[in-house]
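>>> Following is a predicted model, sequence given first.
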Amino acid sequence: MKIVVLAGGRSTERNVSISSGYRLTNALRDKGHEATFIDLFLGYDLKGKPASSVFEDANTSKDLNISDAILTDEDINALRPGDDTALFGPNVLDICKAADIVFLGLHGGDGENGKVQAVLDLNNIKYTGSGSTASGITMNKVYSKEIMLYHSIKTAAFVEITRDQGPTGHKLPFAYPVVLKPTSGGSSVGTHIVHNDEELESGLVDVFRFDNSAIVEDFIEGREFSLGVVNGHAFPAIEIKVHDGWYDFEHKFQPGHTDFITPPHDLDPAVHDEMKRVAIQTMKVLGMQNYGRVDFFANDFGVWVIEANNLPGMTPLSLLPQEAEAEGVAYPDLVESIVKGKLKIYEDGMNN
């Protein structure tokens, strides 16, 4: 098959996305597909050739170190010549139309919030992952948590604070510590563990650099897990044990800071089964399709959903590939199963 791996884009998680995209492209090539890496924002210079010519070259690399830098709009805009800051770079749509399917290697922001998916839908372009509506709901932590609570899925109590309310004078309905995050974001960019009013104020100032809305959650203590679901199959959970601090951007994407254990040690099989059941249920109530990942805390009161991820990372340190490997599924086979699973959804007329 001819497959475009679409990555990069304008998100604060751009560098993570590029790492995922390179690895995805190489894996699909290893499985015999004509895959090519395309940066959503930078596009591709066809040099007068037809769009189909890009499949002759993988347009990628086998090695990439992820920068710790959190990119601002100004940083990203400077990557493209001229004043054009549109999300879709030169020739991206034409190249995607020439593919049998697009593998979305995008993360965060306009990669996961449904905008890209909607554009692809309007152009009759097939792509992996969930549809535009489910993507938008899942990306927004307030919307997704309200749906989870409606369906009796345990998740931390929360309040939303918007930019127009400002960073000061907020009284929370639960005690410190609390977790502060951008409402729409990922990879722990802009996330803070807050212990007092002063930290809340400074944290909100930081969050509003990335988003117009912040979510403040009651702090849940417990062991931290993540569990991926691909085409309805729940893989073994992976336990996340940081060496110090908490599971922030650095711990997620730089080696040597975190231990990942799958299958988890000393986890009651009944709790593990419950985690798998809740992961599948969470994806269903949010309308997610094809594949995703659900993050959990587990304690004496049960399993608590932290959030769902509609386009989970596929970098060398990402969780879903490690879970699949623990069950004997090699990375290229995992990637190809995602492609084939989504094509089956299209064939059945079930894409949403």
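Alright, I've got the coordinates.

>>> Can I get stretch 200-212 as PDB, trimmed to CA atoms?
Output of stretch 200-212 as PDB, limited to C-alpha atoms (Å, rounded to 0.1, in the frame of the first residue of the first chain):
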ATOM      1  CA  LEU A 200      -1.700  27.700  41.500                       C
ATOM      2  CA  GLU A 201      -1.400  31.300  40.300                       C
ATOM      3  CA  SER A 202       2.000  30.800  38.700                       C
ATOM      4  CA  GLY A 203       0.900  27.500  37.300                       C
ATOM      5  CA  LEU A 204      -2.100  29.100  35.700                       C
ATOM      6  CA  VAL A 205       0.100  31.700  34.100                       C
ATOM      7  CA  ASP A 206       2.100  28.900  32.500                       C
ATOM      8  CA  VAL A 207      -0.900  26.900  31.400                       C
ATOM      9  CA  PHE A 208      -2.400  30.000  29.700                       C
ATOM     10  CA  ARG A 209       0.800  30.100  27.500                       C
ATOM     11  CA  PHE A 210      -0.500  27.000  25.800                       C
ATOM     12  CA  ASP A 211      -4.300  27.000  26.200                       C
ATOM     13  CA  ASN A 212      -7.300  29.200  26.900                       C
END
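
>>> what is the mean pLDDT for that stretch?
On average, the pLDDT along stretch 200-212 is 91.

>>> Quick check: phi and psi on the nearest residue to P90 once chain neighbours are set aside?
Closest residue to P90 in three dimensions, ignoring its sequence neighbours and counting by C-beta to C-beta, 6 or more residues apart in numbering: G43, at 3.6 Å. Any C-beta I mention is one placed from the backbone N, CA and C, and that applies to glycine too. G43 has phi and psi values of phi 70, psi -160 when expressed as degrees, to the nearest 10.

>>> I figured G43 hits L93, correct?
No - using C-beta atoms under 8 Å, G43 is not in contact with L93, being 9.4 Å away.

>>> Looking only at neighbour counts, state which of those two leads.
G43 (20 against 17; other C-beta atoms under 10 Å).

>>> ok, now how distant is the residue of the chain most remote from its centre from N91?
Most distant residue from the mean C-alpha position of the chain: G48, 34.6 Å away (C-alpha atoms, centre = their mean). According to C-beta to C-beta, to the nearest Å, G48 and N91 sit 11 Å apart.

>>> So what's the residue count around the closest residue in space to E56 that isn't next to it in sequence?
Spatial nearest neighbour of E56, chain neighbours left out: E34 (7.8 Å); criterion: C-beta to C-beta, 6+ apart. The tally of other residues near E34 (other C-beta under 10 Å) stands at 18.
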